[in-house]
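Asker: Mind folding the following:
(one chain, ligands or ions: 3)
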Amino acid sequence: MNYKDQIQKNRIPRHVAIIMDGNGRWARRQGLARMFGHRQGVKTVHTITEVAAELGIEYLTLYAFSTENWNRPKEEVDALMSLLVDTIAKETPTLMKNNVRLSTIGDITRLPENAQHKFQTCIAETSQNTGLHLVIALSYSARWEIIQATQEIVSAVQRGEILLEDVNEEMLSSYMTTSQMPDPDLLIRTSGELRISNFLLWQLAYSELYFTECLWPEFTEEEFYHAIVDYQHRERRFGKTSEQIR
Ligand code: IPE
Ligand code: IPE
Ligand code: MG
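Answerer: Ligands and ions are numbered 1, 2, ... in the order given. Predicted structure coming up:
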């Protein structure tokens, strides 16, 4: 039986987050420049977004570019930025067709102006869509996000708008860039690396983690179903005992 048929329709994760890794290695293995891998990776984004929408996943958060990725060679950063601009323009009709709403998390002000503009346009155009919410993490890192939240809370306390004792989990969550979403149920990382790389540190506290050797450009629909089936076999205890859950 293939993985698609094993999916339990009543236990679809609400929020799936993905660290899309391995584009460069995929290209280099074929003797190609790293950018070929990034271009191929965009095709995977297209496929996985459509599949997620079809499955009824509510939120799909994709780590596309980290704060640390600004330290890559300038040629790669520039090429990635233009790939982003091209992709957004090209993919907007597909997002509309699939009723997908786009948003971004991260320090978007660091992106080139044309990229910021393209994103704003697409976000506005898709804002009334009611299906999958696609969130692209761009110039994002969890430590950046936590610092932002801390600064905002401290300044609200200083202004007397909130009391120190009001600062709790719920409040901190509301200051995160993901305040409008549930925490990820499932985190997938491709390419065999077993780390989080500064992604959603606060929100992943109780997410199920799924690592695959598969490189992002070759991550197929079936690989995605496999991850979801795997997730559906986990017991999420949140600190309780097995007996309490059953
Ligand atoms: C992930 O692929 C995409 C980005 C980080 C932009 P990589 O570019 O990290 O690919 P590898 O890890 O070098 O293979
Ligand atoms: C993480 O991948 C960031 C994205 C997928 C955008 P990296 O390839 O940058 O992560 P490290 O540097 O190997 O941890
Ligand atoms: Mg990488």
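
Asker: In the protein, which residue sits closest to ligand 1?
Answerer: G24 (2.8 Å; C-beta to the nearest ligand atom). In this view, the C-beta of every residue, glycine as well, is placed from N, C-alpha and C.

Asker: residues contacting that residue?
Answerer: R34, G37, H38 (C-beta atoms under 8 Å, 6 or more residues apart in numbering).

Asker: Tell me which of those fall in helices.
Answerer: Among those, the ones falling in helices (DSSP state H) are R34, G37, H38.

Asker: now the residues you listed in CSV, with pLDDT, neighbour count and distance to Q120?
Answerer: As requested, the ones in helices among the contacts of G24 are arranged in CSV below (pLDDT from 0 to 100; neighbours: other C-beta atoms under 10 Å; distance: C-beta to C-beta, whole Å):
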residue, pLDDT, neighbour count, distance to Q120
R34, 98, 19, 28
G37, 98, 21, 28
H38, 98, 23, 23
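
Asker: Quick one: the strands in this structure, in order.
Answerer: Assigned by DSSP state E, the strands in the chain fall at 15-19, 59-66, 101-105, 133-140, 186-189, 208-211.

Asker: most remote residue from the chain's center?
Answerer: Each residue of the chain has a distance to the centre, and by C-alpha atoms, centre = their mean the biggest one is for G160: 34.7 Å.

Asker: tell me the pLDDT at that one?
Answerer: On the pLDDT scale, G160 is placed at 97.

Asker: Give me the phi and psi for it.
Answerer: Note on G160: backbone dihedrals following degrees, to the nearest 10 are phi 80, psi 10.
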